[in-house]
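Asks: just a sequence and a predicted model for now, questions to come.
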Amino acid sequence: MKKGKVLVAMSGGIDSSIAAMLLHEQGYEVIGITMKTWDYASSGGSKKETGCCSLDSINDARNLAVNHGFPHYILDIREEFGDFIIDNFVEEYLAGRTPNPCVLCNTHIKWEALLKRADMLGCEYISTGHYAQVRKENERYVISKGIDETKDQSYVLWGLSQQSLRRTIFPLGHMHKKDIKQLAVDKGYSDLANKSESYEICFVPDNDYRGFLKRKVSGLEERVDGGDFVLKDGTVVGKHKGYPFYTVGQRKGLEIAMGEPMHVLEILPEANTVILGTKEDLESQQMLVRNFNLVKYASLPENFQALTKVRYKDPGMTATLSLQGENIEVLFHGKVSAIAPGQSAVFYEGNDLVGGGFIARNPVKKKA
């Protein structure tokens, strides 16, 4: 009668709830699990506790499981999450980079935690509410975009291994968000359909990463305040409030008048210096990508061309990829703006995810 046993990550939101419901109706033996990754009280932020780690969300997930007659567990992974994800988040900003915590969390925390508990509970599969699809092709497990382009989440899944994908089910990849909301209403869960969705980093609920850094790193403001804003030619044009509080591409909040809008081009933590330039100075046609993971292919084809995204909502630009030692050199076929070290570069062939990696620092070329 059953198709197999599946452990479903349930945040209490509409997507993971509908994913669990669909798998249950399709004949899988479902076990729900809610992972508590973060304690809002310890963030020191001003926003009320909401989202995936709140008591209300945990109760919503449990109630749905009870209503449909499948078991539900709560898994406290705050310690392993904090040690890895939050420490990395802080370290990246202190290194002058812009971190991608969701990618790291999916790769090193959520999937590992799910697979470990799936083995303990005798589950063949794990499942999440991500808008993506997975299939087997040429002995590889391949991720492709969800059909709802506005909700596609394949960008944050590039780090998943073949071993992880072999056991992963994405029930929502072939659905549109509007249909999922309607399904929730039809099933008597209109509260889920009307539930607000959070787009902030889960452990920075007030979306103030600068305040978070100040609270996490004792004396940070005093250590980094008063560094120089400089132009590409080295001209000092002002003082900033500390290099970790700026990101590549930033224009607002610089508090400096130059006669034309200035943007952050590069961050030099060792000198507590932030390099500024014009919007045109932000444009580049090349970058280096480190710590890459290939999904669709076992090795990168020679002079491979792929649509390359440098941020989640980036429409992408075609680029030629080539191996350079342990990195991938990316040569764009046009100009790309605000390539930020630390962010993810993700490669696509049509709708298929080829792979991805982290953008390495690409020093600004100084003006003569």
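Replies: Great, that's in hand. Numbers count the residues shown, from 1 in each chain.

Asks: so for the host helix or strand of residue 180, what gets flagged as buried?
Replies: In this assignment (DSSP states H and E), residue 180 forms part of helix 177-186. Across helix 177-186, burial judged by 16 or more other Cβ atoms under 10 Å covers 177, 180-181, 183-184. In this view, the C-beta of every residue, glycine as well, is placed from N, C-alpha and C.

Asks: residues contacting residue 300?
Replies: 294, 321-323, 328, 355 (Cβ atoms under 8 Å, 6 or more residues apart in numbering).

Asks: 7 Å instead?
Replies: Applying Cβ atoms under 7 Å, 6 or more residues apart in numbering to residue 300 gives the contacts 294, 321, 323, 328.

Asks: which residues of this protein fall in helices?
Replies: For the chain, the helices defined by DSSP state H cover 14-25, 55-68, 78-81, 87-94, 101-104, 111-121, 162-165, 177-186, 190-193, 209-216, 220-224.

Asks: by contact count, what packs against the longest one?
Replies: Helix 55-68 is packed against helix 14-25, strand 29-36, strand 72-76, with contacts defined by 3 or more Cβ pairs under 7 Å, 6 or more residues apart in numbering; DSSP states H and E.

Asks: what of the first one?
Replies: Based on contacts counted as 3+ Cβ pairs under 7 Å, 6+ apart, the elements that helix 14-25 packs against are strand 5-9, strand 29-36, helix 55-68, helix 177-186, helix 190-193.

Asks: let me see the domain layout of the protein.
Replies: 5-193, 218-278, 281-359 (automatic domain parsing).

Asks: is it possible to export those to a markdown table including distance to residue 210?
Replies: Listed next are these as a markdown table, based on distance: least, Cβ to Cβ, whole Å:
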| stretch | distance to residue 210 |
| --- | --- |
| domain 5-193 | 9 |
| domain 218-278 | 5 |
| domain 281-359 | 16 |
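
Asks: least confident of these, on average?
Replies: Among these, domain 5-193 has the lowest mean pLDDT, at a mean of 91.

Asks: neighbours around residue 297, how many?
Replies: Residues within reach of residue 297, counting by other Cβ atoms under 10 Å, total 15.

Asks: got the contact list for it?
Replies: Here residue 297 is in contact with residue 354 (Cβ under 7 Å, 6+ apart).

Asks: start at 812 instead
Replies: Okay, using 812 as the starting number, the last item reads as residue 1108.

Asks: out of the buried residues of helix 988-997, which comes closest to residue 1160?
Replies: Nearest to residue 1160 out of the buried residues of helix 988-997 is residue 988 (Cβ to Cβ; 24.9 Å).

Asks: my guess is that closest one contacts residue 959, does it?
Replies: Yes. Contact between residue 988 and residue 959 holds when scored by Cβ atoms under 7 Å: they sit 5.5 Å apart.

Asks: so which of the domains of the chain is nearest residue 1013?
Replies: Closest among these, using Cβ to Cβ: domain 816-1004, at 5.6 Å.

Asks: take the helices and strands packed on helix 825-836 and lay them out in JSON lines including distance to residue 1128.
Replies: Shown next, in JSON lines, are those (distance: least, Cβ to Cβ, whole Å):
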{"stretch": "strand 816-820", "distance to residue 1128": "33"}
{"stretch": "strand 840-847", "distance to residue 1128": "35"}
{"stretch": "helix 866-879", "distance to residue 1128": "37"}
{"stretch": "helix 988-997", "distance to residue 1128": "26"}
{"stretch": "helix 1001-1004", "distance to residue 1128": "36"}
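
Asks: distance between the ends of stretch 1052-1064?
Replies: Stretch 1052-1064 has an end-to-end distance of 10 Å (criterion: Cα to Cα, to the nearest Å).

Asks: please, where are all the strands along the stretch 962-1111 of the chain?
Replies: For the stretch 962-1111 of the chain, the strands defined by DSSP state E, counting those that start in this stretch occupy 979-980, 1039-1041, 1047-1050, 1074-1079, 1084-1088, 1094-1105.

Asks: pipe those strands into JSON lines and attach distance to residue 894 per row.
Replies: Below are those laid out as JSON lines (distance: least, Cβ to Cβ, whole Å):
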{"stretch": "strand 979-980", "distance to residue 894": "25"}
{"stretch": "strand 1039-1041", "distance to residue 894": "34"}
{"stretch": "strand 1047-1050", "distance to residue 894": "35"}
{"stretch": "strand 1074-1079", "distance to residue 894": "25"}
{"stretch": "strand 1084-1088", "distance to residue 894": "30"}
{"stretch": "strand 1094-1105", "distance to residue 894": "19"}
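
Asks: out of those strands, which gets nearest to residue 903?
Replies: strand 1074-1079 (11.0 Å).

Asks: what pairs with the closest one, parallel or antiparallel?
Replies: Using DSSP bridges, strand 1074-1079 pairs in its sheet with strand 1084-1088 (antiparallel).

Asks: what residue lies at the spatial centre of the protein?
Replies: With distances taken as Cα atoms, centre = their mean, residue 913 lies nearest the centre of the chain, 3.1 Å away.

Asks: check contacts around it.
Replies: Residues near residue 913 by Cβ under 7 Å, 6+ apart: residue 967.

Asks: end-to-end on stretch 886-896?
Replies: Start-to-end span of stretch 886-896 (Cα to Cα) is 17 Å.

Asks: just the buried residues of that stretch, please?
Replies: Neighbour-count burial for stretch 886-896, counted by 16+ other Cβ under 10 Å, picks out 888-889, 892-893, 895-896.
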